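Enquirer: Pasting a predicted model and its sequence here:
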Amino acid sequence: MARVVSVFLPTLPTDRIRRADPSLSPDTPLVVIARSGSKRWVAAADGAAHKLGLRVGMPAAKAQALVQGLTMVDADPAADLATLERLTLWALSQYSPVVAMDPPAGIVMDTEGADHLQGGEDLMLSGLVNRFRARGLAARAAIADTWGAAHALARSTDHETVIIPRGDTAKAVNRLPLSSLRLPAKIVGSLRTLGFATVGDLAVAPRAPLTLRFGPEVGRRLDQMFGRLAEPIDPIRPADLVEVQRSFAEPIGAPETIEKYVSRLVRQLCLELEKRGLGVRRADLIVHRVDSTIQPLRAGTAKPVRDIAWLTKLFRDRIEKIEPGFGIEKLSLAAIAAEPLVEMQSASSLIEEQVTDVTPLIDVLGNRGGQRIFRVAPVASDVPERSVQRIAPTAEECGATWPLHWPRPSRLLPNPEAIEVIALLPYPPVSFTWRGKRRRVKRADGPERIFGEWWQRSSEWVAVRDYFVVEDEAGERFWIFRSGDGVDVDTGSRKWFLHGVFA
C-alpha cells in the first residue's frame, strides 16, 4: 500500500518575495495583490498580515484601509510556479523517486519504502518541515494512504505534521470540510446548500442522485480520497535528466523477466552516461503497472559510477520488493543525481601498497536501509562533545586530529550522565555509583583540566572541567569529570558526571 506525503506551503508567494528581498522586515505585514480588469484583491497574505485581520480574497482597497503602511506587491504566478518547481526537484533528490508539483502551493510524493532512509515517517516529516523553515518557507506536511487524504489533511490542520496510520484514512477524513475534496467552489457551495457539511456526510449519501445533479466529479474525488480509485502521481523530471525506458506490449511479472529487462536498462543508462562523461550517484527505477499504479526503487552510490555489473547488482538485490500485481507495462530507469566521472587506469606495482576500496560495501549497506551511513571526523575543539562531527563516508580528510597527549574513551556518551561519588577534593573519587551500580575505584589518572570556550557563549567564560580516567575492581575503565575547579563556585557546580567508557 502506498504512503503519500502532501506538503502545503500556505504562504509561498509572500515567502518567495521575502527571500528575494531580505531588506523586508519580518514584522512588516506583506500581501500579494491580484487583479482582473479594475478589480484588485488579496491573493496571498503572510503571518503578520493574518494577525491584523487581512484575509485572502479581501478587496485590496479594504486591506489598505485597515492596515496603515501595508506592503503590497503585485502577484506573479509564473515566479511562484517556478519556485514550486525548484522545491519539487529538490525534494525529488532528497526524499523519494516519485515527487510531483501540486499547484498552486503544494508538493506530493509517494514515500513507500523510502521513509526508513530518513529514520521513519515521524522523523521524515519533521525533518522536511524544518528544512523548509530553514529556507524561509512555512510548511505543513501530512502523510496518509491516499493523495486525496494527505492533501486534505495538510490544508485542514494547524499542526505542522500529521501522520495517519495505515488503514485509518476513513476515520481521519470524515470530519473534514467539503472544501478539502478538491471540488470546484461552485459545487461545494451547492452541496452546502443541500445540507452537506463534512466529507463523512457526503460519503454516506446515495451516489446516484449526486452524480445525476453534479456529474461524476463528486464520486471520483470521494473514491480517490478513500482509496477506492487509484490516483497515480506523475513524477517530475529535470530537463537534463538521463533516463531510459522500456514499454511492453504484453505485461510482465516473473522475477527473472523483470531482472532481465532491468539489466538491459542499466546497460543503456550507463552508455548514455558515458556519452556525457557522467557517473550516477542516485538512480531511480520506476515500475508502471497495468492498474495505473507505480512502484519506485531507488539505489544510491557513495561516489559517481557507471559500472554496469555493479549497478545491476544493486537493483537485483531489491527486485524481490517489486509487486507486479496484474502485470508491469513499463519500466523506466533515471539517473536522478549524476556527476562528472573520469575513468582512470589503475597502476599495479610490486612496491606500492594497494588501497582497498570500501565504497561497494558502503553502497550495499546504504541501499539496504536503516539510518544514513556516516564517518566521524575530529573538530578543532577541546570540549569533548564538540570535538566530533559526522561526515560522508567517502569525504576527504579534513586535516584535523584529536589530541593525543591524553587518552580518549572509545565510546563517548551522547550527554554526560550524573553519578554519585565519594571523593576528597582535589583527589579522584574513591567510589562512584552509575546507573544504580556502585563501583570501587582501584586506579585513577588525572586530572586533565578542560576550559570552557568563551567565544561560544558567555556562561563558559570561567567554566572548567577536571577529567579523570578511573578503573574499577573489575578492570573496566571510565572517563569521569567534576564540574568546576573545586574552589570557585563560578567555575562549576562541583557535581560529578560520567562522560565516556574505554574499551
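Expert: Arrived safely.

Enquirer: quick one: contacts of the strand or helix carrying Q245?
Expert: Per DSSP states H and E, Q245 falls inside strand 242-252. With C-beta atoms under 8 Å, 6 or more residues apart in numbering as the test, strand 242-252 has contacts from 237, 258, 261, 264-265, 268-269, 272-273, 276, 278, 290, 324, 326-335, 338. Heads up, the C-betas are built off the backbone N, CA and C, glycines and all.

Enquirer: Just the buried positions in the helix or strand A79 falls within, please.
Expert: Assessed by DSSP H and E, A79 sits inside helix 77-94. By neighbour count on 16 or more other C-beta atoms under 10 Å, the buried set for helix 77-94 is 80, 83-84, 87-89, 91-92, 94.

Enquirer: just stretch 430-450 next, same as before
Expert: For stretch 430-450, by 16+ other C-beta under 10 Å, it's 432, 434, 439, 441, 444, 446-448, 450.

Enquirer: V379 reaches V388, doesn't it?
Expert: Yes. Between V379 and V388 there is a contact at 6.3 Å, judged by C-beta atoms under 8 Å.

Enquirer: Give me the average confidence score over stretch 280-295.
Expert: For stretch 280-295, mean pLDDT is 89.

Enquirer: that older thread, tell me the one of the buried residues of stretch 430-450 nearest G300?
Expert: I450 (39.1 Å; C-beta to C-beta).

Enquirer: Relative to D490, how far out is that closest one?
Expert: 16 Å (C-beta to C-beta, to the nearest Å).

Enquirer: can you check A78 too?
Expert: For A78, the distance to D490 (C-beta to C-beta) stands at 60 Å.

Enquirer: Next: R237.
Expert: For R237, the distance to D490 - C-beta to C-beta - is 61 Å.

Enquirer: Looking at those two, which is more packed in?
Expert: R237 (16 against 11; other C-beta atoms under 10 Å).

Enquirer: Look up which helix or strand that one falls in, please.
Expert: Using DSSP H and E, R237 sits within no helix or strand.

Enquirer: wait, doesn't it sit right on A335?
Expert: No. In this structure R237 lies outside contact range of A335 using C-beta under 8 Å: 11.0 Å.

Enquirer: ok, back up a step: past the helix holding A79, which element shows up next along the chain?
Expert: Using DSSP H and E, the first helix or strand after helix 77-94 is strand 98-101.

Enquirer: Against which helices or strands is that next one packed?
Expert: Counting contacts by 3 or more C-beta pairs under 8 Å, 6 or more residues apart in numbering; DSSP states H and E, strand 98-101 is packed against helix 77-94, strand 106-110.

Enquirer: model confidence over that strand, on average?
Expert: 94.

Enquirer: List the neighbouring strands of that strand plus their orientation.
Expert: strand 106-110 (antiparallel) (DSSP bridges).

Enquirer: Share the number of residues neighbouring the residue nearest to R435 when sequence neighbours are not counted, please.
Expert: With sequence-adjacent residues excluded and distances taken as C-beta to C-beta, 6 or more residues apart in numbering, R435 is closest to E417, at 7.5 Å. Neighbour count of E417, defined by other C-beta under 10 Å: 12.

Enquirer: same thing with S36?
Expert: 7.

Enquirer: Likewise for Y261?
Expert: Applying the criterion other C-beta under 10 Å, we find 15 residues in the vicinity of Y261.

Enquirer: Rounded mean pLDDT for the one helix or strand it maps to, please.
Expert: For Y261, the enclosing helix or strand under DSSP H and E is helix 255-276. Average pLDDT, helix 255-276: 93.

Enquirer: For the helix or strand hosting L333, buried residues please.
Expert: Element membership for L333, per DSSP H and E: strand 328-340. By 16+ other C-beta under 10 Å, the buried positions in strand 328-340 come out as 328-338.

Enquirer: swap in stretch 311-327?
Expert: 311-315, 318, 322, 324.

Enquirer: per-residue confidence averaged over it?
Expert: Computed over stretch 311-327, the average pLDDT equals 86.

Enquirer: Give me the contact list for that stretch.
Expert: 113, 250-253, 255, 258-259, 262-263, 266, 269-270, 280, 283, 285, 287, 289-291, 293, 295, 297, 299, 301, 305, 328, 363-364, 367-368.

Enquirer: And these, which of them are buried?
Expert: 113, 252, 258-259, 262-263, 266, 269-270, 280, 283, 285, 287, 289, 293, 295, 297, 299, 301, 305, 328, 363, 367.

Enquirer: Tell me where the stretch 151-300 of the chain has strands.
Expert: Along the stretch 151-300 of the chain, the stretches classed as strands by DSSP state E, counting those that start in this stretch are 161-163, 242-252, 278-289, 294-305.

Enquirer: State the mean pLDDT of the shortest one.
Expert: Right, strand 161-163. On average, strand 161-163 scores 95.

Enquirer: same check, this time on stretch 206-214
Expert: 93.

Enquirer: pLDDT weak spots in the chain?
Expert: 1, 113, 115-117, 119, 342-372, 394, 397-405 (pLDDT under 70).

Enquirer: which strand in it runs the most residues?
Expert: Longest strand in the chain by number of residues (criterion: DSSP state E): strand 437-451.

Enquirer: Pairing partners for that strand, with directions?
Expert: Counting by DSSP bridges, strand 437-451 is paired with strand 431-434 (antiparallel), strand 464-472 (antiparallel).

Enquirer: neighbouring contacts of the last one?
Expert: Translated: strand 464-472. By C-beta under 8 Å, 6+ apart, strand 464-472 touches 406-407, 426, 428-429, 432, 439-452, 477-486, 491-492, 499, 502.

Enquirer: Just give me the neighbour total for G219.
Expert: 17.

Enquirer: show me what contacts it?
Expert: 207, 210-211 are the contacts of G219 under C-beta under 8 Å, 6+ apart.

Enquirer: quick check, nearest of the residues you listed to V7?
Expert: L210 (30.6 Å).

Enquirer: Quick one: residues contacting that closest one.
Expert: Applying C-beta under 8 Å, 6+ apart, the residues near L210 are 202, 218-219.

Enquirer: between the residues you listed, which is closest to K39?
Expert: Nearest to K39 among the contacts of L210, with distances taken as C-beta to C-beta, is V218, at 30.0 Å.

Enquirer: Isn't that closest one up against L183?
Expert: Yes. Between V218 and L183 there is a contact under C-beta under 8 Å: 6.6 Å.

Enquirer: Between the two, which contacts overlap?
Expert: L191.

Enquirer: Provide the secondary structure category for the residue in the chain sticking out farthest from the centre.
Expert: Farthest-out residue of the chain from its mean C-alpha position, per C-alpha atoms, centre = their mean: L424, at 50.3 Å. Secondary structure, DSSP: H, G, I helix; E, B strand; the rest coil: L424 is coil.

Enquirer: Need the nearest residue in space to it, chain neighbours excluded.
Expert: V430 (7.6 Å).

Enquirer: how much space between the one you found and S483?
Expert: 19 Å.

Enquirer: same check, this time on A79
Expert: For A79 relative to S483 (C-beta to C-beta), the value is 54 Å.

Enquirer: try D80
Expert: Distance from D80 to S483, by C-beta to C-beta: 53 Å.

Enquirer: List the contacts of I308.
Expert: Here I308 is in contact with 266-267, 270 (C-beta under 8 Å, 6+ apart).
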